[in-house]
Every structure is written in C-alpha cells, then in structure tokens.
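>>> Make a model of this:
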Amino acid sequence: MTQIRHMSVAPTRTQRLVSGGAIDAHRHDDHQIVYAASGVLTVTTSAGTWVAPATRAIWIPAGIVHAHKAHGELDLHLVGLPTIDNPLGLAAPTVLAVGPLLRELIIAYTGAPDDDSAERTRLRAVLLDRLRASPQQPLHLPTPASPLLRTLCEILQADPADTRTLAQMGHQVGASDRTLSRLFRSDLGMTFPQWRTQLRLQRALVLLAEKTPVTTVAHRCGWSSTSAFIDVFHRTFGHTPGSHPTAST
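A predicted model of the protein is given here:
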C-alpha cells in the first residue's frame, strides 16, 4: 500500500464492482460500514484481511488505511458515519453479522437522498440500533509481524490444501513446532489450526464467489472430505456452502 489516498469524509453510496475489481488503498476521517449485497468482499489492511459474504458487513474505523477487492460481481453499499457514531465501540476492522432487517436498512440508507430530512434521520437511528445488536464474527486473517511466521503463512496462503503438521512445516522454515506454536499465540492471538481454518474459510468464500463447485472448493482448501468442509462452513456461517448465494453445485 504505497499510494494512499486521504478522504476527509467517508462516502455513503452504492457502487458496482466487477469480479476482480478493486478500490485502492485509502483512509478517511469517518467510520465506514462496507456491505456487499452480492458477491464476496475482502478488505485488507496492514494488520490482515477481513472477508464478508452477503450475510456479513465490515466495520472500518476512522483513519485505518484499507483496500477493497471484489470476488464475484459485487453490489457494494458504503455507509459513512462520523466518529461520534460508533455503536459497538470498535477500534479495529471487524466483521459483523447482517440479518434481513439490517441488510434492508443498509440498502435503504445508501439508496436514499443524502439530505437532512426527518425520514433519513429516523432511518439512520434505526440502522445504528441494529448495529448495536449485530454480533461480531471471527472472519479475520491476521498478518504476522514475525519474519519466521510470515514465511510459514505465505507457504500456506499459496496452497491452503497443504496438510502438513506444524512440526513438518517447521522443518522447512527452520524452527521447532514449539517455537512456531508460541509465535502463533503471541503474534496472531490464535493457534495454528485456528489460523489455518480461517485461511481455508476465506479462500472457500472466494472460490464459491467465483462459481467453483462445492466439492472442488473442499479439495482446493484442504478439507479431508466434502462433508467435513460442509460441516465447518455450516457451523461458521449458519448455512451450507451449497445454499450460499454465489455457490455452484
């Protein structure tokens, strides 16, 4: 992220992005909610990557340098909020669950005229109320600071289907599994299996958005079977990958 645009006001608008389309690195002085009503959105910062399908939105605090990328045709809805409006008190990018009511509120608010009408004020108040009740979702893939851990994570990002144990990978990067395990906890705040599962789930969402068949997604992301993939996906997102809005069977 070398070229960083500064926007004093975070826009409230809708925007279409083709699959593979991107919004380059920028920051703004307002908070922003980013929601993709179709497709899968990834937001990248120096701290890692967040991913959101149509059942999730991403909260981006003021001042955070971030970039967007579309996987599948993206129907993007952006909601800018002044710094005084932070209903969940979030200081870092966060994935939030989006139920049917919150979805419709975001779509209505981004599609309404940007004015100070009483109707828009009421719509915004209800939107903030629903955000306060929105559960946070663990769909963050943190970027390691440790050069050793960064090397290991890059190997897995190149091939999420790599099934080697931490000890086996340690032989390649020149460290013991105990050292690597300690680094995962201290640097990334999670265990090696947790990080790898997050990586695989993020890659699965991207592949599903690209119309990749479910069985192929399971294989490419390293699950031992399609049923194992379906089970983890369902426990994480509340529905099966076959019923995912962008899935191909």
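>>> in this structure, which spans are helices?
100-111, 118-132, 147-158, 166-173, 177-183, 192-209, 214-220, 226-237 (DSSP state H).
>>> by contact count, what packs against the helix or strand bottoming out on mean pLDDT in the chain?
Every helix and strand in the chain was compared by mean pLDDT, DSSP states H and E; the lowest is strand 136-137, with a mean of 82. Judged by 3 or more CB pairs under 8 Å, 6 or more residues apart in numbering; DSSP states H and E, strand 136-137 is in contact with strand 94-97. From N, CA and C alone the C-beta is placed, and that goes for glycine too.
>>> circling back: right, and the helices of the chain - which one's nearest residue 51?
helix 192-209 (4.6 Å; CB to CB).
>>> Could I get the average pLDDT for the closest one?
Average pLDDT, helix 192-209: 93.
>>> Can you check the distance spanned by stretch 98-118, start to finish?
25 Å (CA to CA, to the nearest Å).
>>> and that stretch, average pLDDT?
pLDDT averaged over stretch 98-118 gives 89.
>>> just to revisit the earlier point, which of the helices of the chain sits closest to residue 21?
Checked against CB to CB, the stretch from the helices of the chain lying closest is helix 192-209, at 12.3 Å.
>>> Nearest the geometric middle of the chain, what residue?
residue 51 (1.7 Å; CA atoms, centre = their mean).
>>> Contact partners for the residue nearest to that one when sequence neighbours are not counted?
Using CB to CB, 6 or more residues apart in numbering and skipping the chain neighbours, the partner closest in space to residue 51 is residue 202 (4.6 Å). By CB atoms under 8 Å, 6 or more residues apart in numbering, the contact list for residue 202 reads 42, 49, 51, 139, 141.
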